[in-house]
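> The sequence and its predicted three-dimensional model are supplied below.
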Amino acid sequence: MKKGVENREILPEMVHLPAGNFLMGGTLFDFESPIHQVTISSPFFIGKYEVTQTEWVEVMENNPSRWKGNDLPVETVSWYNAIEYCNKRSIKENLTPAYTISRSYVTWNKFANGYRLPTESEWEYAARSGGKDTYEYAGNDDVESVAWYADNSGSKTHPVGMKLPNDLGLYDMSGNVWEWCWDYYGLYNDNSPIDPMGPNSSGGRDRSLRGGCMILSQNLVRVAHRGRNIPVARDFYNGLRVARSC
């Protein structure tokens, strides 16, 4: 088991993923099916850790989390809160914000170099180490070694980076907190094998969540498992991990 992250300077680290192909989905639940090939056409960066409360407070100047701790993942944040964080962090670091926000309507500038949420397919591609593995969980098939979930978490969050990472060095992609993704939630189909992003706004209401959380069973923190919620929901088990386009 890894020691908890104590050095603030390593928290913003990101991992580079090249473009590539992988098999997305699972068979345990209907909404994970079918397993289908997806192409990620452009390289991107994704956060090595879930966004911590230290990072959140530095940018947002508030801490909505139920469980307080500098190296704990921030939670009790809505999808809109996550979008706002990405833009404000981008501005703070002199990057071009990825999102244009007009009340409840958000558009994504895919050419911007600022922080953003990963798409659901990018998230699973990263959790599967760039499509190189087919483990049940992000890192291996031993849930205890990689995830904080119902049987070992004490029903609370834990400092990021304490469990084993996957082969790319990404931590907590199974368990701890759900992670918001960009996409509207929708059932898989075979019509968009390249950079799929779920239905458009007219076909979806909920936004996607991935990774499961500390109060769920081991079946629900698998890499293939999918979550959903309305974008204004601020639940104590929802957090985020940032990405950036190359």
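Received the coordinates, thanks.
> which residues sit against the biggest strand by length in the chain?
When the chain is parsed with DSSP state E, its longest strand is strand 178-184. The contact list for strand 178-184 (CB atoms under 8 Å, 6 or more residues apart in numbering) reads 50, 77, 79, 82, 108, 116-120, 123, 173, 197-201, 203-213, 227, 235, 237-241. Any C-beta I mention is one placed from the backbone N, CA and C, and that applies to glycine too.
> Show me where this structure has its strands.
14-17, 20-24, 36-40, 44-47, 99-102, 105-108, 115-116, 178-184, 207-210, 226-229, 238-239, 243-245.
> Check which helices and strands the second one sits against.
With contacts defined as 3 or more CB pairs under 8 Å, 6 or more residues apart in numbering; DSSP states H and E, the secondary structure elements packing on strand 20-24 are strand 36-40, helix 120-127.
> Give me the sheet partners of that strand and which way each runs.
If you go by DSSP bridges, strand 20-24 pairs up with strand 36-40 (antiparallel).
> sorry, back to before: of all the helices and strands packed on strand 20-24, which one is nearest Val160?
helix 120-127 (15.2 Å; CB to CB).
> Does that closest one pack against any helices or strands, and if so which?
Packing partners of helix 120-127 (3+ CB pairs under 8 Å, 6+ apart): strand 14-17, strand 20-24, strand 36-40, strand 44-47, strand 178-184, strand 207-210.
> quick one: average confidence on the last one?
Strand 207-210 shows a mean pLDDT of 97 in the predicted model.
> So in that sheet, which strands flank that strand, and in what orientation?
Using DSSP bridges, strand 207-210 pairs in its sheet with strand 178-184 (antiparallel), strand 226-229 (antiparallel).
> now do the fourth one
As defined by DSSP bridges, the strand partners of strand 44-47 come to strand 14-17 (antiparallel), strand 243-245 (antiparallel).
> Show residues contacting the longest one.
Outside strand 14-17, the residues that touch it by CB under 8 Å, 6+ apart are 40, 43-48, 122, 125-126, 130, 168-170, 242, 244, 246.
> how near is Val232 to Glu84?
12 Å (CB to CB, to the nearest Å).
> how about the helices of this protein, start to end?
Using DSSP state H, the helices of the chain run over 53-60, 79-92, 120-127, 143-146.
> Which of the ones you listed sits closest to His36?
helix 120-127 (10.2 Å).
> what sits up against stretch 95-110?
Residues contacting stretch 95-110 (CB under 8 Å, 6+ apart): 80, 83-84, 86-87, 90-91, 112-116, 182, 231, 244-245.
> For it, buried residues please.
Leu95, Pro97, Ala98, Tyr99, Val106, Trp108 (16 or more other CB atoms under 10 Å).
> Apart from its chain neighbours, what residue comes closest to the third one?
This points to Ala98. Spatial nearest neighbour of Ala98, chain neighbours left out: Arg116 (3.9 Å); criterion: CB to CB, 6 or more residues apart in numbering.
> And the pLDDT at the one you found?
Arg116 is given a pLDDT of 98.
> got the contact list for it?
Contacts for Arg116 (CB under 8 Å, 6+ apart) come out as Cys86, Ala98, Tyr99, Trp108, Trp182, Val242, Ala243, Arg244, Ser245.
> roughly how far apart are the spatially most central residue of the chain and Ser102?
A centroid search over the chain (CA atoms, centre = their mean) returns Glu179, at 3.8 Å, as the residue closest to the centre. Distance, Glu179 to Ser102, by CB to CB: 25 Å.
> What of Arg128?
Counting by CB to CB, the gap from Arg128 to Ser102 is 35 Å.
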